[in-house]
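1. here is my input; please provide its structure:
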Amino acid sequence: MPAAISSTSVTGGYRADIQALRAVAVALVVAYHLAPGLVSGGYVGVDVFFVISGFLITSHLVREHERTGSISLRAFYVRRIRRLLPAALLVLLVLVFAYAILMPESMRQQGYREIIASALYVENWVLAFSSVDYLGAAAAPSLAQHYWSLSVEEQFYIVWPVLLLLVGWIGLRSSGDHRARNWAIALWAVFGASLLASVVVTAVNPEWAYFVTPVRAWEFAAGGLVALIAVRPVEGYERLRTVASWVGLVAIASSAMLFTPATPFPGSAALVPVVGTVLVIAARDPRTRWSPMILGRTPPVQFVGGVSYSVYLWHWPLIILYPVIVGHAPGWRGLLIVLLATLVAATASKYLVEDPFLRRKPMAPRFWPTAAATAGAMAVLVVVSTVQIGAIDARTAATAQEQEAIADGPCYGARALSNADCASPRAVPADIDTSFAATDYADTTLGDCGAGVTVGTIGDALECSFGDAASDRLVVMVGDSHAGHWLPAVQSIAADEDWHIVTFFRSSCPFTTATPSASGVFQIACEEWKGLVEQRVETLAPDLVLVASLSPYGYLNADFDPGPVDAMQAGYADSLSTLAGSAAAVVVLRDTPFMQDNVPDCLGVAGADCDRPRSAVLEAHADPLWEAAAAVPGVGRVDLTDVFCDETTCFATTGGVVIYRDHHHLGASYSRSLGPQLLARLSESVVLP
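-> Numbers count the residues shown, from 1 in each chain. So this is what the prediction gives:
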């Protein structure tokens, strides 16, 4: 994110080249968010900002230490607070009202949580944990999601001056003044250790690596090293500096155009935009006829660089809010409206909020009043958001009790389809609680019964037990999260039929011998899990094994390539044959429709039509597990598509119940209502225990 720091060098002069570099960086980020297909790697703009911040902050601190022999932490933190927090907290306050007034109810609770995290500048850690939490990973982006980079920067601002002060003190206490040498050693150590961590963690868990501060610290250190080298600005060498400036810009531009969301990042790939930024900063403002700064010094570029911090703050919420307000995704006209609104809001924020706080004097000495005012503003955001979360929790709990009380009703959920007395079973209730629908999880989504996509469960079959463990009727369920969302239906059967249920679920692991196109520790964990499950099923010798899996289409939509469909189908056939040799009966459940929108979020938009054509969300998608089952002797198949769709349409609600808790996972309430239909279809397919 672009820090609101004046573009000064170590000598204190205005740096038009850095202002232009900020304009390039924010343009890349905004373009990526507005039209990612045009600038598929525009996210590297954030890395450019990190290097700039490392350079500017290190420059200020080194210059202060050279001038005074120390660094005033109080003055530094007051300056950072006054430069960064007023505009950032104002935007968060606007987002609180936006969630309360405009956003679908199902998105509010997570939104308020992220506002709290953003106000406390820990949003990057919240997103890091969410990215490895299967439930959180499926959540829609929040209005405050972009505050992750501000959080990284604030954490950098807390640690960096302390590090430089300590190293500078050691340099003064040693024989001779070795401050510059010690600073360089410290920065190179941070750079090397963090870069190594970035490469390793990106290979193992790129989602985590993208957000966590230690893996990003080397980018700030790179800027800091340039600041140390440029303590005495290089004069002359105009042609060489011009070449360096162009090479740096080409490196940034090429990474923005050639990188994609699938590029392992940050890792070693981030070296391209980081080194490019280092070259541009080191080249300064070369005065040649073919210098890129001929364009960079123009008023429009300098203006964009000047408002880049506010542009960053406002652009993302406006992008998310536009389709909510107008009811559809923005076309080119909509994108231009969002861009114009961003510039207007950013300009107003810059001149009415940022600059007045920057002009206030004195900036440095008044630490406690500034800290108290900041803490008060943060507290308001935290308290208001917490109250809103509490209100949503209370309503959700009340809805859960209401749903439980009527769950056995003849017109509840899927039961309404088999009862002629139930009028309009597919109609959407006017008072539907979409917050409850979005959190209507099956038991296996809690604890270690589903694992998610985390990697800390190698060597674990993730076995869980439900129902009467003393029963001699054993039913085993196997598969990914699309097997897990059938558990409430099977539990409702087990309560009447006295079944003991044992589950083996691992999210994002299709139960096929084909090797998915995953990488690192997760692939190892997935493959070991499948082997352990086969061993455990052989030992248990169950009466019935139920198998289900998300279709390849669903995996691809989740940015996970399970491999070629033909290979998956052959692998499923092998796995089903193995299971059939260990159990009295094996049944495959056909995959459920993959809706095109998050259903609770869609239902939260007034007047939205959340039903979808059957041909688009079901029939157009290959289901290799379903096809493999037809080719394996002794394996039955159960198709409950008619409880989700009619001949032409797949529905969002049935019998007053929301069918899905997101795009494609069944809500526990609707799954539970499927018990009678599932039992009847199973009875037709195999001999039940």
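2. state the distance from the nearest residue to Thr512 once chain neighbours are set aside to Ala548.
-> Nearest residue to Thr512 in three dimensions, chain neighbours excluded: Gly571, at 3.3 Å (CB to CB, 6 or more residues apart in numbering). Quick note: C-beta positions are derived from backbone N, CA and C, even for glycine. As judged by CB to CB, to the nearest Å, Gly571 and Ala548 stand 15 Å apart.
3. before we move on, what about Asp460?
-> Asp460 is 21 Å from Ala548, by CB to CB.
4. with neighbour numbers in mind, choose between those two.
-> The neighbour comparison of Asp460 against Ala548 (other CB atoms under 10 Å) goes to Ala548, with 25 against 14.
5. next, the distance between the ends of stretch 426-439.
-> End-to-end distance of stretch 426-439 (CA to CA, to the nearest Å): 21 Å.
6. buried set for it?
-> For stretch 426-439, a neighbour-count test (16 or more other CB atoms under 10 Å) marks Val428, Ile432, Asp433, Thr434, Ser435, Phe436, Ala437, Ala438, Thr439 as buried.
7. surely the second one and Gly655 touch.
-> No. In this structure, Ile432 sits apart from Gly655 without contact. The criterion is CB atoms under 8 Å, and the distance is 11.8 Å.
8. regarding this protein, what is its longest helix?
-> Identified as the longest helix of the chain according to DSSP state H is helix 367-406.
9. so for that helix, what's the average pLDDT?
-> What helix 367-406 shows for mean pLDDT is 88.
10. chain center to whichever helix or strand comes after it, what's the gap?
-> Next helix or strand after helix 367-406 toward the C-terminus (DSSP states H and E): helix 434-438. The chain centroid and the centroid of helix 434-438 are separated by 20 Å, computed with CA atoms, centre = their mean, to the nearest Å.
11. over to stretch 220-232?
-> In terms of CA atoms, centre = their mean, the centre of stretch 220-232 is set 32 Å apart from its chain centre.
12. same check, this time on stretch 604-622
-> Here stretch 604-622 is found 24 Å from its chain centre; the criterion is CA atoms, centre = their mean.
13. CA-only coordinates of it in CSV, if you can.
-> Extracted in CSV, the C-alpha atoms of stretch 604-622 (Å, rounded to 0.1, in the frame of the first residue of the first chain):
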residue,chain,number,x,y,z
GLY,A,604,-29.3,-10.8,0.9
VAL,A,605,-29.6,-8.4,-2.0
ALA,A,606,-33.2,-7.2,-2.3
GLY,A,607,-34.9,-8.4,-5.5
ALA,A,608,-32.1,-10.6,-6.6
ASP,A,609,-32.9,-13.8,-8.5
CYS,A,610,-30.7,-16.5,-7.0
ASP,A,611,-32.0,-19.5,-8.9
ARG,A,612,-29.8,-20.7,-11.8
PRO,A,613,-30.3,-22.7,-15.0
ARG,A,614,-29.7,-26.4,-14.5
SER,A,615,-27.7,-26.6,-17.7
ALA,A,616,-25.2,-24.1,-16.4
VAL,A,617,-24.7,-25.2,-12.8
LEU,A,618,-25.0,-29.0,-13.1
GLU,A,619,-25.3,-30.6,-16.5
ALA,A,620,-22.4,-28.7,-18.1
HIS,A,621,-19.9,-30.0,-15.5
ALA,A,622,-18.1,-33.4,-15.7
